[in-house]
Each structure stands twice: as structure tokens, then as C-alpha cells.
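**Student:** next comes the sequence, and after it the predicted model I'd like to discuss.
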Amino acid sequence: MARYAMLPSPMAGHVNPTLPMAAELVARGHHVTYHLPEEFRPQAEAVGARLAPVRLREPHGYRREPDPVARFAKVPMWLAAEAEDVLPHVLRAAEEHRPDAIVYDMTCVWGRLLARLRSGPAAMVVGSYVGNDHFSPVRTRHYAAMKEHLVSGFAETGRVVARINARHGLTVRPQELFARDEQLVLVVMPRAFHPAGETFGEPFRFIGASLRAEARGTSLCPPVPPGRRLAYVSFGTVVELTDAVLSALRGTFDGTGWQVLLATGERAVDAAALPGHFTVRRSVPQLEVLRRADVFVTHGGTNSVMEALVHEVPMVVAALAPEHAITADQVEQLGLGTRIDPDKLDAAGLRSAVGAAADNPAVRRALAAMGRATREAGGAAAAADALEKLVAR
């Protein structure tokens, strides 16, 4: 029996991939403690873990940025600023619970610093891309778009890190906070999907999708009338649904034989203003929906794309943030669907992209192969195997 401290960043897209890992560890007799704000207690306790609550000064601080690229760039700066207050709390909790291993998310600054301040093994969970001499996300043209936003916030992040270093006797540089260089790096995608995936050796372990359990047969899934297909549309929790996307969706699926399920997230949408074949929900049980969907229109979030791959659903990716744009490139290059420029999104273009994804036999063949690779990578069980070996070293 081992004790694991689980420190994902306090955002749903970063917490969700860790929950199946925690459930698997608990099922094997281990103890898992999550260090998250109180709002995540139900999720932690549902998988048999306990919660050691932390308090943020500005929950969801990145959402102050309306521009999607600036918002994406703001996430690490927000987490670095929060670490100044959160780190002392997780240090005290770690002294109390005495974990055998620390498991932290790639953007969780206080998790990384905790791993530096305590002896013992540590693992990083990466819900996007890793880098080496052959590929790095920061060397892509998509990340170049963030440069001005990163530079504008770098000075304040440097001051925060200097204060943390002085308080805790560390010598961490700001640029080291988000390096993917831990003793074990769990990458939540199949090697075959990652750019230059075959070039990554230790400490990287590609586990495919880490899927959370959901009840089947929920009433939130709309009935699909005979002769219609189900189009599922979701833009996640960090990227908001824009007016341009809503306008394009209305025209795309009008009279085309589709039943549309639209998950709106934080965006308020007047369902009455949409055609009758649209069903609008703030959130849905995504795995259950993807089991039934014929096409998935998405912003390209890694979790969503991995879940679509497991169920072999053709995708149309309208990426608004740099990381998602890399995913859109991969979906297109690997023949798993189509990508569309969100800045040029209109009904005609989206209708064409949906048809190219949903009606192409080559897409179905590519999805079958990638779906198999995603499932066979092992998921949460493979992650638990690697974490047990890490502790046993």
C-alpha cells in the first residue's frame, strides 16, 4: 500500500484525466489525496480519494481574458501567482499525509515546487504535448502567437518566483516551472498521435486516453429521429463559444439531416433562438454522447479528442488556442477529420468540413486504427502500473 499526493491544476480539463488514475490506484489498495479547491471534493471522493482543500485568491483568474490566445497564455501566469499562497498549504498537508509519491499536472506550479522541496519520487501528468530534439510545442508557429502575451506577464511571474525561492530556499528559474522533465512523465495520448512520438523514450510513458466512468442511458442525450444523424458540438471549459461559431452552426445544420447536441459550457445560449433540431445543454456526459455521435465539432481540447478517438468519431476541429491548433494539425494530417480556421468560420465552410469528416471512408479507416492504438495504450491501468513501479524503485 502506498500513499499518493495528486496535484492537478484546478481546472476541469486537468483534473478529469487524473480521476481514472486515482480510481485505479484506490482499487489496488493505495491511498490518494487530492490537493484542490473545495469545489472538486465530489469528484475526488467519487473515486475513493480524500481531499486536502486549498484556497485560491482568484479562482478561474485566466477567464478575465476574452481573447482565446491571451487566455491560454494567462493560465501558467495565473497558476504561478497562486502558488505563492498555495505552496505553504500543500507543504503542511504533505507533512501530515506523508505521501510516497507526488503526482502533479504539467501546469501545477505548486505541485512541481512541492516535488522539489520533498525527497522521494514524483511523476508529471501531461495532458498535451512533450518536447525533445525532434519536436517541441513551443517551437511551433502556433505557440509563436502567444509570445507577446507571455512577455507581458513574464516580469511579474519572475518576481513571484523570486519571492517563493527566498521563502523556501529554492533556486528555481521561471522558465523551469513548466518543463516536462520529471522522473516519470505520463502523456495522456497514444504515441501514434503525438508528433514524432516514436522518438520519445524514458521518462515518457504514453498511456492513451484516461477515461472517467459515466453512467449510460442518460436522458441528457437527445433522441435522434429516424433518418437523422447526431452532431455533437462542444468547445470545452477554457475556450468560450463565440457568436461567430453559433451563427455558423445554425446555418450549417439547417435542413441537412442532422440532430445537433450543443454543449455550451459557461456561455449562455438562448435555446429558443435555435432551430428545433438543436438540443442545448450547459454540459453533457461526453463519453455517453460520443458513443452515439456521427461527427464531433470541437475546439480541439486533448481530453475531448482522446475520447473521440476511443469511440472513433470523425472530428471537425476549430482551434482557438495554440495547443489546440497543434491537435487540429494532427487530426488533419493523420486523416482523423478536418480542421477549419475559426477566424474564417461560416456556415458554408463548416458544412463542407462536416461532410468531409463524416462522409469519408478514409477517415473511418484512420479512426479505426488510431482508436485501437488509443485503447491499447493502457489508459489509467497503465498509469497506475507506472506509478507503482516508481514507488517501488
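**Tutor:** The structure has been received and is ready for your questions. Numbering: from 1, shown residues only.
**Student:** helices of the stretch 251-393 of the chain, start to end?
**Tutor:** 286-292, 302-310, 322-333, 347-358, 361-376, 379-392 (DSSP state H, counting those that start in this stretch).
**Student:** number of nearby residues for the closest residue to residue 275 other than its chain neighbours?
**Tutor:** Nearest residue to residue 275 in three dimensions, chain neighbours excluded: residue 254, at 6.0 Å (Cβ to Cβ, 6 or more residues apart in numbering). In short, each C-beta sits where N, CA and C put it, glycine included. Look at residue 254: counted by other Cβ atoms under 10 Å, it has 15 neighbours.
**Student:** for residue 254, phi and psi?
**Tutor:** phi -80, psi 110 (degrees, to the nearest 10).
**Student:** re earlier: comparing the helices of the stretch 251-393 of the chain, which comes out most buried?
**Tutor:** Neighbour counts (mean count of other Cβ atoms under 10 Å) averaged over each of the helices of the stretch 251-393 of the chain peak at helix 302-310, with a mean of 24.
**Student:** which of the helices of the stretch 251-393 of the chain sits closest to residue 81?
**Tutor:** helix 322-333 (20.5 Å; Cβ to Cβ).
**Student:** chain center to the closest one, what's the gap?
**Tutor:** The chain centroid and the centroid of helix 322-333 are separated by 14 Å under Cα atoms, centre = their mean, to the nearest Å.
**Student:** flag the shaky bits of this protein, pLDDT-wise.
**Tutor:** Counting by pLDDT under 70, the low-confidence segments of the chain come to 62-63, 65-66, 68, 148-153, 213-221, 237-240.
**Student:** swap the cut-off to 50 and go again
**Tutor:** Along the chain, the model assigns pLDDT under 50 to residues 215, 217-218, 238.
**Student:** give me the domain ranges for it.
**Tutor:** 3-208+378-392, 229-376 (automatic domain parsing).
**Student:** between the ones you listed, which gets nearest to residue 223?
**Tutor:** Of these, nearest to residue 223 by Cβ to Cβ is domain 229-376, at 8.0 Å.
**Student:** thinking again about what came up before, now distance to residue 222 too, for the domains of the chain, in JSON lines please.
**Tutor:** JSON lines is the format used below for these (distance: least, Cβ to Cβ, whole Å):
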{"stretch": "domain 3-208+378-392", "distance to residue 222": "23"}
{"stretch": "domain 229-376", "distance to residue 222": "4"}
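**Student:** minimum distance to residue 38: which of the helices of the stretch 251-393 of the chain has it?
**Tutor:** Once the helices of the stretch 251-393 of the chain are compared by Cβ to Cβ, helix 302-310 is nearest, at 22.7 Å.
**Student:** any idea how far the closest one is from the chain center?
**Tutor:** Here helix 302-310 is found 9 Å from its chain centre; the criterion is Cα atoms, centre = their mean.
**Student:** check which helices and strands it sits against.
**Tutor:** Under the contact criterion of 3 or more Cβ pairs under 8 Å, 6 or more residues apart in numbering; DSSP states H and E, helix 302-310 touches helix 286-292, strand 295-298, strand 315-317, helix 322-333, helix 361-376.
**Student:** show residues contacting it.
**Tutor:** Helix 302-310 has contacts (Cβ atoms under 8 Å, 6 or more residues apart in numbering) with 13, 16-17, 127-128, 188-190, 193, 208-211, 234, 236, 286-287, 290, 296, 298, 315, 317, 323, 327, 331, 336, 367, 370-371, 374-375.
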